Structure formats: C-alpha cells, structure tokens
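In: show me how the following folds:
(one chain, ligands or ions: 1)
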Amino acid sequence: MNITNKTVLITGANRGIGQALVNEALRRGAKRVYAGTRSPVPNADKRVKPMTLDVTSVSQIERAAREVDTLDVLINNAGVAIYDDLTNLDAIEQHLAVNLFGAFKVTRAFLPLLRRSKGAIVNNLSLAALAPLPIIPAYSISKAAAFNMTQSLRAFLAGDGVTVHAVLLGPIDTDMTRGFEVPKASPESAAQGIFDGLEKGEEDIFPDPASRPVAEGWRTGVVKALERQFSAFVPQSAANLG
Ligand SMILES: NC(=O)c1ccc[n+]([C@@H]2O[C@H](COP(=O)([O-])OP(=O)(O)OC[C@H]3O[C@@H](n4cnc5c(N)ncnc54)[C@H](OP(=O)(O)O)[C@@H]3O)[C@@H](O)[C@H]2O)c1
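Out: Numbering: from 1, shown residues only. The predicted structure is shown next:
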C-alpha cells in the first residue's frame with residue numbers, strides 16, 4: 001500500500017521508532033497522521049493529530065476510535081521491554097498487557113474503519129518473536145504471541161481486503177536498547193524499511209540490516225508454508241471480530 005494521501009494511526013508515537021514512523025509517513029505524503037501517545041505531544045505539522053492513547057486503557061482506546069472517522073493504516077508500535085529472567089510472573093504479565101493485549105484491543109477498536117477502507121494493520125514485532133532473546137525472555141514471549149495473533153488476523157481479514165503485516169525488527173538505536181551493546185540501525189532507517197515493506201505488500205517485513213538476512217529463509221521455510229496451509233481453516237465467526 002502506498003502511503004501518499006492516506007490516513008495513518010501510530011501508537012507509541014512520541015519517541016523511538018514511533019516518532020520516526022510519524023516523520024516518515026509525513027515525508028511520504030500521508031494526508032493525516034494520528035499520533036497516539038500516553039501524554040499529549042504537540043506537532044508543528046498540521047497533518048498530525050495528537051491523540052492520548054495508552055494501549056492498556058479500554059476507555060482511551062474507545063475514545064480514540066470515536067475521534068477517527070477514516071483510517072487506512074494502523075501501526076501497532078507501542079511496546080515495552082524489561083530485562084528479566086522469568087522468575088517474576090509480573091514481568092510476563094506486563095509485557096503481555098502492552099505488547100499483546102494492547103495491540104489486540106487497539107486493532108479491534110479500529111477494525112470497522114479498516115474494513116471500510118480495505119486498509120492495513122502493521123504490527124511492530126521483533127526477531128525475538130521468531131527466537132527468544134534470553135536477556136528478555138518475557139518480552140520474547142509477548143512478541144511471539146503477538147506474531148501468532150498477527151498471523152491469525154491475517155487469515156481472518158484476508159477476505160475483507162484488510163492486509164496484516166508483521167515487522168520483524170532487529171536491534172534499533174532507541175531507549176529500548178540502551179545498554180545492549182550490539183550494532184543497531186537508526187530509527188529513521190527502520191521507519192523507511194517498514195514503509196518500503198508495506199508499499200511492496202510484504203506480509204512479513206524485515207526492515208533493517210540485522211533482520212534482512214532472515215527474510216528469504218523465512219519466506220521459503222516450513223513455518224511459512226504451514227501458516228499458508230492452516231489459513232484455509234478460517235471460521236465463519238471471524239466476521240464477529242470487530
Ligand atoms: N528498539 C529495538 O531494537 C526494537 C527491536 C524490535 C522491536 N522493537 C519494537 O518496536 C516498537 C517501538 O520500540 P522503540 O525501540 O521505539 O521503543 P521506545 O523508544 O522504548 O519507545 C516505546 C514507545 O512505546 C510507548 N508505550 C509504552 N507503553 C505504552 C502504553 N501502555 N501505551 C501507549 N504507548 C506505550 C512509549 O511511550 P512512553 O514514552 O509514554 O513510555 C514509547 O512511545 C516496540 O513495539 C518494540 O518492541 C524495537
């Protein structure tokens with residue numbers, strides 16, 4: 001999907017990759033960008049509409065959905081990553097609340113608009129969705145679960161013309177990776193790679209130098225083949241999702 005003249009909503013838009021996605025959407029000629037943040041952040045560009053949106057707050061999600069009348073692209077970007085060692089159940093719950101349930105609830109709320117526009121859902125995930133990173137196992141669990149959810153939504157919504165994309169990011173230089181000393185790509189280049197992948201219609205987007213080498217093996221691998229095979233079994237009740 002081409003971004004020019006489109007309406008885009010990005011969660012976690014105040015810093016890191018989310019902020020870079022806002023700027024990149026504007027650079028590509030988006031008509032309107034809803035910038036979802038926990039505290040309002042003004043933007044000089046008139047096309048940006050700041051929106052208070054904590055993805056764990058049902059009331060804020062419902063209010064945000066009422067504020068938007070048309071939407072082409074939803075980018076579930078908001079996320080948390082906390083170092084842990086699986087000894088604390090709270091850490092798993094915290095990650096699931098934002099990275100899985102947050103993205104799911106926001107998606108459901110905006111689904112009627114996305115169905116109407118035959119739009120796109122872009123879920124910012126991680127290579128840790130494919131293989132756990134043992135310094136952040138709870139985060140990895142949440143991203144694996146969010147990837148699986150992404151695959152189900154892709155199957156559910158294909159008949160409605162809504163495309164659902166997974167972004168399998170490698171390390172990007174943001175607050176989230178502060179202290180993790182590995183080569184990192186810039187948030188700006190990640191945002192470009194994400195929109196490039198969306199414009200090319202890639203289901204699974206590998207937008208940075210660390211993730212790109214995985215792309216071909218993933219797309220031609222047995223797991224992807226199974227996803228395609230299983231996607232035939234969509235229940236009629238999938239229409240009730242939103
Ligand atoms: N950086 C990486 O290497 C990397 C790699 C793979 C995947 N990712 C994914 O990319 C996405 C963006 O990460 P980032 O690197 O830009 O991280 P970041 O700089 O830490 O930014 C995280 C963003 O998520 C927001 N957020 C956190 N909890 C929220 C909530 N409950 N409701 C709404 N917004 C919330 C934050 O808002 P506040 O400012 O209010 O906290 C912030 O805007 C995440 O989903 C992350 O998992 C990042």
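
In: which phi and psi does the spatially most central residue of the chain have?
Out: Geometric centre of the chain, nearest residue: Asn123, 2.0 Å, by Cα atoms, centre = their mean. Dihedral pair for Asn123: phi -100, psi 120, per degrees, to the nearest 10.

In: which stretches of the chain aren't confidently modelled?
Out: Scanning the chain for pLDDT under 70 picks out nothing.

In: just the strands in it please.
Out: Assigned by DSSP state E, the chain shows strands spanning 7-11, 32-37, 48-52, 73-76, 120-124, 163-167, 204-205.

In: enumerate every residue touching the residue nearest to the centre of the chain.
Out: For Asn123, the contact set (Cβ atoms under 8 Å, 6 or more residues apart in numbering) comprises 76, 103, 146-147, 149-150, 164-167. For glycine as for every other residue, the C-beta is placed from the backbone atoms N, C-alpha and C.

In: switch the cut-off to 6 Å
Out: By Cβ atoms under 6 Å, 6 or more residues apart in numbering, the contact set of Asn123 is 76, 103, 150, 166.

In: biggest helix in the protein, by residue count?
Out: helix 137-157 (DSSP state H).

In: does it reach the ligand?
Out: No: counting by Cβ under 6 Å from any ligand atom, the ligand has no neighbours in helix 137-157; the shortest distance is 6.6 Å.

In: and that helix with strand 163-167, angle?
Out: Relative orientation of helix 137-157 versus strand 163-167 (axes from the mean of the first three to the mean of the last three Cα atoms, to 10 degrees): 160 degrees.
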